[in-house]
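K.L.:
Sequence isn't available, so here's the structure alone:
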């Protein structure tokens, strides 16, 4: 910060030289207004800039001189020879101060006092009381006196609710939040509950609001100061929620933990019971009493204060490190943010690789390759941390099977396998409900009652086998029973009855089996407590679909049914096939892609314009993405069909170009675009542009609906 | 790419001080001596922030802020006004015209930087 100081010094010397000249002229022509103004302005600038550049002594001293000349300007004082010499003395004193600031001789403080006193005598109405002149606060605004000594740490809840018109005066709330974070340890939660749909949203309005939990040694005023510019356009509420006074009231263990410690219950008992119990927050959300982001915000506060208290209670304990543990507990949001960061890193790495390729610089390419290797290792590692063994979920099904089979009078043995199989935390969480439905279904519809079983020569006790295993980038989870199996004909009859298929539809066995997952389908003759209301199995299909997985059903009459869920290991990053249509990029999940083939005008002629292609004798329908996304008619002469497989069915997607494999970091589409179908997310490309990730299952479904509507229209 | 800041003040010393402080922190700065000059210098450049004095000849700061806010391209541009403690009336006029923030004169480089950071991040 020395360069500006130097500029000030130079400017001040210049002004002083100018001032001396003006003063001497003024002595000769004491009444000349211009000269008086010049002197005043010079003093004013020396004072004002002096305060800005940290020359507080100069600012304070010059203030008195300036005041005198202000009176002269106003005609309350006249210029005298005495005043001129006093002013010239002042100039010398200012010079001395400037020199002192550069390491010259220290200033004669007594002389400063003397000149000031003499000047003050001149001021009208102040004779005889020189010492008590009120000093207007000119030299320094109060903000300068920053309290630097760290106060006690305290935790605050800050609720920042901007008004809709926040942006109208050019405010960007993000730097404000960053500034808050710089004050201490902070957790921030953004509420988007007021965000309307895209159609009704005004992009120039602010719909977001924030809760920030901040632990800082700065005081409330420092926090409020951050919001000083937005006070008029937002509601800001700062509350102290923890200041260390009731620090040592740490909560005692939960009752379940105590029972477990005492050996009264086993860990799996505990988990099974806990698994059945809903979190308090969940219950609030479901009852509609609170919205999800409010609950999240409260949880954040709880977590934050707990961790602050924990830290505090650890410090007096002599700083002894906890025993070197084989594992540590980490808050899951930390993992989420780690994975997010890794995702960003992979994106940046892709840009680097692309840049290196574009530049053709071998050194850069070398570095880019190294970064690629490291970031992919880092990615695998970060993903690995999020992996949990699926066994925790299995435990709670034991109880389910026991209770249900007793209720239905069936004897069922429940076996599990592959509990140690690891799967992404988010996938596991979402897997629980579908598995409950599948197992219920097996118990209710699959396994026969003991009499029937004996009659068909089977042991009276049936089995349900739940297993998990790795298979490439997937995990296969299957629920197998040795029950009666599915009756393809009964399913067909039922489906026709329910209007799900046309009476003359020709469906393969597996297509028929898939119908049991359709909404509104139930083959149970009687509706029992357990199942048969036709809700449930379609939930399986949709939640597995949302996880990017598929459902496979195999069944043999009399031998049993096996339903296999095929799930991706993780949700955050997928391998994708990058394609482009009319300058737009899209990503098709690579796991679904079978092959790519060309589509020429000639091929189109062969099929008479219908959207089907013949691949080695097999007929494959295709969806032109150009039409689906309305990207114009400027088709290239040769297009590409990306053939994909969804479940047992094959369908092609017509694109302009297949660009290549692309490691895709999945970004959510956000609340605004949540209603858009056929797109499951977006990803950021190497060059910073966006590509949409296609939800091929949805696209196929939409195309089928469209087709049926067409057919319907044609027959009428 | 460093961010570009437009400093508007009729006093060269304030302009210089603002420029110096900001350039030291790696910002790019262009200077204008009054509102009219500022508007002519804005055309075509991607300015991220405007710091303007209120008392200026030709076109004063309030007028400049109103002009900027009326232009769709500068509707959301952060604008800092330099006010004096004594003149509260001007400050509220400036806020009404659409100023994002303010700095009370005289100020020190650190204060200027703190405000710039608060608005630009």
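P.N.:
Cool, the structure landed. This structure is a prediction, so every number in the text was calculated from the model and none was measured. Numbering: from 1, shown residues only, chains lettered A, B, ... in the order given.

K.L.:
Write out the residues of chain B neighbouring chain A.
P.N.:
Contacts of chain B with chain A, taken as CB under 8 Å from any CB of the partner chain, map to B:11, B:13-14, B:16-17, B:20-21, B:24, B:75-79, B:85, B:95, B:98-102, B:104-109, B:111, B:117-121. Every C-beta, even on glycine, is put in place using the N, C-alpha and C of the backbone.

K.L.:
Among these, name the ones in helices.
P.N.:
Mapping the residues of chain B next to chain A onto helices (DSSP state H) picks out B:13-14, B:16-17, B:20-21, B:24, B:95, B:109, B:111, B:117-120.

K.L.:
Would you mind listing the two of those that lie farthest apart?
P.N.:
Across those, the longest distance by CB to CB is 29.0 Å; it joins B:24 and B:95.

K.L.:
Neighbour count: these two, which is higher?
P.N.:
The neighbour comparison of residue B:24 against residue B:95 (other CB atoms under 10 Å in any protein chain shown) goes to residue B:95, with 19 against 14.

K.L.:
Does the more buried one touch residue A:232 like I think?
P.N.:
Yes: using CB atoms under 8 Å, residue B:95 is in contact with residue A:232, at 6.9 Å.

K.L.:
quick one, what contacts the closest residue to residue A:433 other than its chain neighbours?
P.N.:
Once flanking residues are discounted, residue A:433 sits nearest to residue A:543: 6.2 Å by CB to CB, 6 or more residues apart in numbering or on different chains. Taking CB atoms under 8 Å, 6 or more residues apart in numbering or on different chains, we find residue A:543 in contact with A:430, A:433, A:434.

K.L.:
just the buried members of the residues you listed?
P.N.:
A:430, A:434 (16 or more other CB atoms under 10 Å in any protein chain shown).

K.L.:
Can you lay out the contacts of residue A:543 as TSV showing secondary structure?
P.N.:
Listed next are the contacts of residue A:543 as TSV, based on DSSP: H, G, I helix; E, B strand; the rest coil:
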residue	secondary structure
A:430	helix
A:433	helix
A:434	helix
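
K.L.:
Closest to residue A:328 out of the contacts of residue A:543?
P.N.:
Nearest to residue A:328 among the contacts of residue A:543, with distances taken as CB to CB, is residue A:430, at 25.4 Å.

K.L.:
what stretches of chain B score poorly on pLDDT?
P.N.:
Across chain B, residues meeting the criterion (pLDDT under 70) sit at B:1, B:44, B:85-87.

K.L.:
In it, which residue sits closest to chain A?
P.N.:
As assessed by CB to the nearest CB, chain A sits closest to residue B:121 within chain B, at 3.4 Å.

K.L.:
Regarding the residue minimising distance to the centre of chain B, what are the backbone dihedral angles?
P.N.:
Residue closest to the mean C-alpha point of chain B, counted by CA atoms, centre = their mean, is residue B:51 at 1.2 Å. Per-residue torsions, residue B:51: phi -120, psi 120 (degrees, to the nearest 10).

K.L.:
Got the domain ranges for chain A?
P.N.:
For chain A, automatic domain parsing gives the domain ranges A:2-131, A:154-248+A:255-308, A:344-388, A:390-568, A:573-715.

K.L.:
Switch these over to a markdown table; also include mean pLDDT.
P.N.:
Output for the domains of chain A, formatted as a markdown table (pLDDT from 0 to 100):
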| stretch | mean pLDDT |
| --- | --- |
| domain A:2-131 | 82 |
| domain A:154-248+A:255-308 | 82 |
| domain A:344-388 | 84 |
| domain A:390-568 | 79 |
| domain A:573-715 | 82 |
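
K.L.:
And the residue of the stretch 551-700 of chain A closest to chain B?
P.N.:
Nearest residue of the stretch 551-700 of chain A to chain B (CB to the nearest CB) works out as residue A:688 at 13.9 Å.

K.L.:
actually chain A, not the one I wrote
P.N.:
Nearest residue of chain A to chain B: residue A:175, at 3.4 Å (CB to the nearest CB).

K.L.:
Does that residue touch residue B:119 like I think?
P.N.:
Yes: applying CB under 8 Å as the test, residue A:175 and residue B:119 come out as touching, 6.2 Å apart.

K.L.:
More neighbours: which of the two?
P.N.:
Set residue A:175 next to residue B:119 and count neighbours by other CB under 10 Å: residue B:119 wins out with 21 against 17.

K.L.:
my guess is that one meets residue B:80, correct?
P.N.:
Yes: counting by CB under 8 Å, residue B:80 is a contact partner of residue B:119 at 6.8 Å.

K.L.:
Now the common contact residues for those two.
P.N.:
Contacts common to residue B:119 and residue B:80, judged by CB under 8 Å, 6+ apart, are B:49, B:100, B:101.

K.L.:
check contacts around the last one.
P.N.:
Translated: residue B:101. A:228, A:229, B:78, B:79, B:80, B:81, B:115, B:118, B:119.

K.L.:
Excluding sequence neighbours, find me the nearest residue to it.
P.N.:
Nearest non-adjacent residue to residue B:101, counting by CB to CB, 6+ apart: residue A:229, 4.0 Å away.

K.L.:
Report the next helix or strand after the helix or strand harbouring the residue of chain A closest to chain B in sequence order.
P.N.:
In this structure, residue A:175 sits in helix A:173-181 according to DSSP states H and E. Note on helix A:173-181: by DSSP H and E, the next helix or strand toward the C-terminus is strand A:185-191.

K.L.:
which residues touch residue A:48?
P.N.:
Residue A:48 makes contact with A:59, B:105, B:106, according to CB under 8 Å, 6+ apart.

K.L.:
Take these and keep only those in strands.
P.N.:
Those of the contacts of residue A:48 mapping onto strands are residue B:105, per DSSP state E.

K.L.:
What is the nearest of the contacts of residue A:48 to residue A:286?
P.N.:
Closest approach to residue A:286 among the contacts of residue A:48 (CB to CB): residue B:105, at 56.6 Å.

K.L.:
give me every residue that touches the closest one.
P.N.:
By CB under 8 Å, 6+ apart, the contact set of residue B:105 is A:48, B:14, B:82, B:83, B:84, B:85.
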